[in-house]
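Novice: take a look and give me a structure for this.
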Amino acid sequence: MKKLNLRNLHRDFGYFYVGLIISFAFSGILMNHRNDWHPEKYTLETKEIQVALPDEKNFNDDYAQKITTELKITDKVKRHNIRKGTFKIQFENTEVEIDIETGKGEIISFIKTPIINQAMFLHKNTSNWWIYFSDIFGLSLIFIAISGAMMVKHGKHTFKRRGWKLALAGIVFPILFLILS
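Specialist: Residues are numbered from 1 along each chain as shown. A predicted model of the protein is given here:
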């Protein structure tokens with residue numbers, strides 16, 4: 001029987017997961033900026049509207065549903081709120097924004113952006129099989145990191161001489177970020 005070669009195992013795990021690593025990194029970058037823009041959606045249509053608004057105290061679920069019916073929007077209401085003088089209703093593929101002073105607003109319709117939408121789904125998927133696969137992936141990344149650190153055995157660039165400092169910095173940086181944010 002052939003002896004288990006750490007270098008070959010590290011290489012093969014790396015090759016196996018390279019596509020997933022790139023996908024997760026790409027979707028993670030997109031997820032970091034999801035509040036700044038709609039990375040999974042792009043605007044298909046914007047339509048100007050004018051509506052009669054009730055008193056601000058009546059901006060509730062019933063009113064959001066009433067506006068939805070009046071504007072002939074078939075999506076289910078996800079959430080609504082008032083922010084900076086604008087009444088916003090969010091749906092799966094549509095947003096409605098109405099100025100609470102004038103009643104003028106717009107309906108913004110979105111469609112899913114190919115590839116980006118599917119990549120971001122990786123980070124949001126909660127099915128059991130994907131969770132187990134992601135756990136295995138996480139453990140494999142730990143293995144890849146540790147086995148990679150152990151591969152260089154001689155010279156001035158070993159983990160023992162130099163690598164541990166960089167690894168420590170890699171651990172300290174996110175901890176500092178969590179403490180300072």
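
Novice: keeping just the C-alphas, turn stretch 26-34 into CSV.
Specialist: Extracted as CSV, the C-alpha positions of stretch 26-34 are listed here (Å, rounded to 0.1, in the frame of the first residue of the first chain):
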residue,chain,number,x,y,z
PHE,A,26,-17.3,36.0,-5.7
SER,A,27,-20.7,35.7,-4.1
GLY,A,28,-19.3,36.9,-0.8
ILE,A,29,-18.0,40.1,-2.3
LEU,A,30,-21.5,40.6,-3.9
MET,A,31,-23.2,39.9,-0.5
ASN,A,32,-20.9,42.5,1.2
HIS,A,33,-22.4,45.2,-1.0
ARG,A,34,-26.1,44.0,-1.2
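
Novice: from the chain's centre, how far out does it sit?
Specialist: Relative to its parent chain, stretch 26-34 has a centroid offset of 5 Å by CA atoms, centre = their mean, to the nearest Å.

Novice: run through who's touching the lowest-mean-pLDDT helix or strand in the chain.
Specialist: Lowest by mean pLDDT, DSSP states H and E among the helices and strands of the chain is helix 116-124, with a mean of 75. Helix 116-124 is touched from outside by 23-24, 26-28, 30-31, 34, 39-41, 130, with contacts defined as CB atoms under 8 Å, 6 or more residues apart in numbering. Glycine gets a C-beta too; all of them are placed from N, C-alpha and C.

Novice: cutoff 10 Å now
Specialist: 20, 22-31, 34, 38-42, 111-113, 130, 134 (CB atoms under 10 Å, 6 or more residues apart in numbering).

Novice: what does stretch 165-172 give?
Specialist: Residues contacting stretch 165-172 (CB under 10 Å, 6+ apart): 145-146, 149, 159.

Novice: for the protein, which spans come out with low pLDDT?
Specialist: 1-3, 38-39, 43 (pLDDT under 70).

Novice: separation between Phe137 and Lys124?
Specialist: To Lys124, Phe137 is 16 Å away according to CB to CB, to the nearest Å.

Novice: neighbour count winner among the two?
Specialist: Just comparing Phe137 and Lys124: by other CB atoms under 10 Å the higher neighbour count belongs to Phe137, 16 against 10.

Novice: quick check: the more buried one touching Val18?
Specialist: No: with contact defined as CB atoms under 10 Å, Phe137 does not reach Val18; the gap is 11.8 Å.

Novice: and the closest residue in space to Lys156 that isn't next to it in sequence, its phi and psi?
Specialist: What sits nearest to Lys156 in space, not counting adjacent residues and going by CB to CB, 6 or more residues apart in numbering, is Arg162, at 6.7 Å. Arg162 has phi and psi values of phi -130, psi -40 when expressed as degrees, to the nearest 10.

Novice: sec struct for the residue nearest the centre of the chain, please.
Specialist: Residue closest to the mean C-alpha point of the chain, counted by CA atoms, centre = their mean, is Met31 at 2.6 Å. Met31 falls in the helix class when you classify it by DSSP: H, G, I helix; E, B strand; the rest coil.
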